[in-house]
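**Student:** Need coordinates for the below:
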Amino acid sequence: MSDKMEVYYFSPTGGTKRVSSIFADAMEKEVIWHDLGSKETMMEKPEGEMIVVAAPVFGGRIPSVVREKIEKLSGIGKKAVTIAVYGNRAYEDALLEMNDILIKCGFTVIASGAFVAQHSMALEVGAGRPDEEDEKEICKFAESVKNSTSAENVHVPGNRPYKPEMNMPAAPISLPSCTRCGKCVIVCPTNAVSVTDGAVITDTEKCILCMACTRVCAEQARILPPPLQQKMEQKLGALKDVRNKNEMFL
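**Tutor:** This is a model prediction of the structure:
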């Protein structure tokens, strides 16, 4: 393999970037990073012979913003590694969906991994992950990829048709302490947030609940509506004391 690797990632709250950074460091290659959450034009023809696609899991699927962008990649004659980062619940059809898209684009997906990071809505779930143990497993995965001579697509769990996409007619809200600095507008990958007449407006039809806007808010004035936050914490609360595993496919 060449010494250059390109990583296409979507990391609205930092977990996916953390996992993919550990992997990239362990690969010991020159890395070109492509943020799939950016509003800038994406490079659709990778330069290196191998790419990595890393995405968070939203309700067992990959986010629509990831799907729409990686569908445009040109992968003829190139290899790919896929990484799904899930919030300690389940990754379900996410890896399969990513792999199907990349194979259709011409890539050979030689390896896939599902790794745990802190949940973006229920912060006590998966808190502190990826931790030291996770880091060792991610590095072990990278070592296996480095040594791989595979020229075939890897098999991963999942179902076709994929499960329905997560559909919650809700979006984060801004508290009175909001300074209308506009950072939430800048980081929103779907242009769902705007500042109009001195108020922060969120289009619930465009919002994918990625939580990027809550993460970037220095005033902590951007939150989920309390009823939704309570619902998520109740739904996922049983997972607080569960350590779900990372899984690797080569």
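
**Student:** Okay, helices next: where are they in this structure?
**Tutor:** Using DSSP state H, the helices of the chain run over 15-27, 64-70, 94-104, 132-146, 183-187, 212-216, 226-236.

**Student:** need these in JSON lines with mean pLDDT, distance to residue 87 and mean neighbour count, can you?
**Tutor:** The way it works is simple: take the backbone N, C-alpha and C, and place the C-beta from them, glycine included. Formatted as JSON lines, the helices of the chain follow (pLDDT from 0 to 100; distance: least, Cβ to Cβ, whole Å; neighbours: other Cβ atoms under 10 Å):
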{"stretch": "helix 15-27", "mean pLDDT": "98", "distance to residue 87": "8", "mean neighbour count": "22"}
{"stretch": "helix 64-70", "mean pLDDT": "96", "distance to residue 87": "16", "mean neighbour count": "19"}
{"stretch": "helix 94-104", "mean pLDDT": "98", "distance to residue 87": "12", "mean neighbour count": "22"}
{"stretch": "helix 132-146", "mean pLDDT": "98", "distance to residue 87": "13", "mean neighbour count": "17"}
{"stretch": "helix 183-187", "mean pLDDT": "96", "distance to residue 87": "19", "mean neighbour count": "18"}
{"stretch": "helix 212-216", "mean pLDDT": "97", "distance to residue 87": "14", "mean neighbour count": "21"}
{"stretch": "helix 226-236", "mean pLDDT": "93", "distance to residue 87": "8", "mean neighbour count": "14"}
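
**Student:** Out of those, which is closest to residue 115?
**Tutor:** With Cβ to Cβ as the measure, helix 15-27 is the member of the helices of the chain nearest residue 115 (4.9 Å).

**Student:** Contacts for that closest one next, please.
**Tutor:** Defining contact as Cβ atoms under 8 Å, 6 or more residues apart in numbering, one finds that helix 15-27 is touched by 5, 7, 9-11, 31, 52, 54-56, 83, 85, 87, 113, 115, 117-118, 120, 130, 134-135, 138-139, 141-143, 145-146.

**Student:** quick revisit: how about CSV for the helices of the chain, with distance to residue 206 added?
**Tutor:** CSV is the format used below for the helices of the chain (distance: least, Cβ to Cβ, whole Å):
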stretch, distance to residue 206
helix 15-27, 21
helix 64-70, 10
helix 94-104, 21
helix 132-146, 33
helix 183-187, 12
helix 212-216, 12
helix 226-236, 17
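
**Student:** closest one to residue 124 among these?
**Tutor:** helix 226-236 (7.7 Å).

**Student:** Can you name the residues in contact with the closest one?
**Tutor:** 87, 89, 119, 121-122, 124-125, 168, 170, 223-224.

**Student:** for this protein, what spans make up the strands?
**Tutor:** Using DSSP state E, the strands of the chain run over 4-9, 30-35, 50-56, 79-86, 108-116, 173-174, 193-196, 199-202, 222-223, 247-249.

**Student:** could you dump those strands to TSV with mean neighbour count, mean pLDDT and distance to residue 159?
**Tutor:** Shown next, in TSV, are these (neighbours: other Cβ atoms under 10 Å; pLDDT from 0 to 100; distance: least, Cβ to Cβ, whole Å):
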stretch	mean neighbour count	mean pLDDT	distance to residue 159
strand 4-9	22	94	24
strand 30-35	16	95	29
strand 50-56	26	97	18
strand 79-86	27	98	15
strand 108-116	24	98	15
strand 173-174	19	96	34
strand 193-196	15	94	33
strand 199-202	16	93	32
strand 222-223	20	97	34
strand 247-249	18	98	16
